[in-house]
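J.: turn this into a structure:
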Amino acid sequence: QVQLVESGGGLVQAGGSLRLSCAASRNIFSVNIMAWYRQAPGKQRELVARIDPGGSTHYADSVKGRFTISRDNAKNTAYLQMSSLKPEDTAIYYCNADIRSSGFSPLTNYWGQGTQVTVSA
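T.: The predicted structure is shown next:
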């Protein structure tokens, strides 16, 4: 069974930093796009950043220059380094990835369970 497991969330003061990790389960064939989304209370889930297997990245305007997405293809793991955090970054952060579970399987989209990030003023 394919799983995405996130870690690294928590409580931090404004201006601080956190690093999120998202690891895909080992029993997979390949991982294509990996991305981080977030959902704040009462708001829609939004894309924060995404990265392709070659390392090309895309960021939401609200996090450009503060967040950095990266990945380790050998470990099927993505990271989100968050710096200069603001209270408005408070949300549940979700990992998302397009995964091929075997060489004969189509790409399928998966979500992690989410990790809470809270930034205090």
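J.: bridging residues for the most centrally placed residue in the chain?
T.: The chain has residue 36 as the residue nearest its centroid, 2.9 Å off, counting by CA atoms, centre = their mean. Beta-bridge pairing for residue 36 (DSSP bridges): residue 49, residue 95.
J.: now do it against residue 19, distance only.
T.: 12 Å (CB to CB, to the nearest Å). Placement of C-beta: from N, CA and C, glycine included.
J.: about what we covered before: from what I see, the residue nearest to the centre of the chain and residue 21 are in contact.
T.: No. Contact between residue 36 and residue 21 fails when scored by CB atoms under 8 Å: they sit 10.6 Å apart.
J.: overlap in contacts of those two?
T.: Contact criterion CB atoms under 8 Å, 6 or more residues apart in numbering; residues shared by residue 36 and residue 21: residue 78.
J.: and for residue 36 and residue 19, which residues touch both?
T.: Common neighbours of residue 36 and residue 19 (CB under 8 Å, 6+ apart) are residue 80.
J.: count the neighbours of the closest residue to residue 77 other than its chain neighbours for me.
T.: Of all residues not flanking residue 77 in the chain, residue 23 sits nearest, at 4.6 Å (CB to CB, 6 or more residues apart in numbering). The number of residues packed near residue 23 is 18, by other CB atoms under 10 Å.
J.: so what's residue 23 bridging to?
T.: residue 5, residue 77.
J.: what is the neighbour count of residue 94?
T.: Residues near residue 94, counting by other CB under 10 Å: 21.
J.: shouldn't it be in contact with residue 110?
T.: No. Counting by CB under 8 Å, residue 94 stays clear of residue 110, with 10.4 Å between them.
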